[in-house]
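A.B. asks: Turn this into a model:
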Amino acid sequence: MMNILIWIVFGLVVGIVAKLLMPGKDPGGFIITILLGIAGSLIGGYLGSLFGQKGSGFMGFVLAVAGAMLLLLVYRLIRRSAAA
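C.D. replies: Down below sits the predicted model:
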């Protein structure tokens, strides 16, 4: 149970950092921020493992934020095209 809580908090922090680095109006709220952060962490960790990174420490955080930013960009593109 504690691991799930840690992933949620880590996802929240990663999602907030990704939103701060990508300014603009986002079509999501608090829950979307957490979900993008958690999914971004998983994607960033996976991509890092493909390039031989362990995904822990500072580099793991950077990869998680990069993954969350990528997902945020895709999410924005999908929401804009659906709204048009």
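
A.B. asks: switch to C-alpha atoms for all contacts and neighbour counts from now on
C.D. replies: OK.

A.B. asks: For the residue positioned nearest the centre of the chain, give me the pLDDT.
C.D. replies: Geometric centre of the chain, nearest residue: Ala68, 2.2 Å, by Cα atoms, centre = their mean. The model reports Ala68 with a pLDDT of 85.

A.B. asks: Look up the closest residue to it, ignoring the ones flanking it.
C.D. replies: Closest residue in space to Ala68, ignoring its immediate chain neighbours: Gly40 at 3.7 Å, by Cα to Cα, 6 or more residues apart in numbering.

A.B. asks: And for Lys19, the neighbour number?
C.D. replies: When counting by other Cα atoms under 10 Å, one arrives at 21 neighbours for Lys19.

A.B. asks: and what of Ser81?
C.D. replies: Ser81 has 8 nearby residues by other Cα under 10 Å.

A.B. asks: tell me which element it falls in.
C.D. replies: Element membership of Ser81 [criterion: DSSP states H and E] is helix 57-83.
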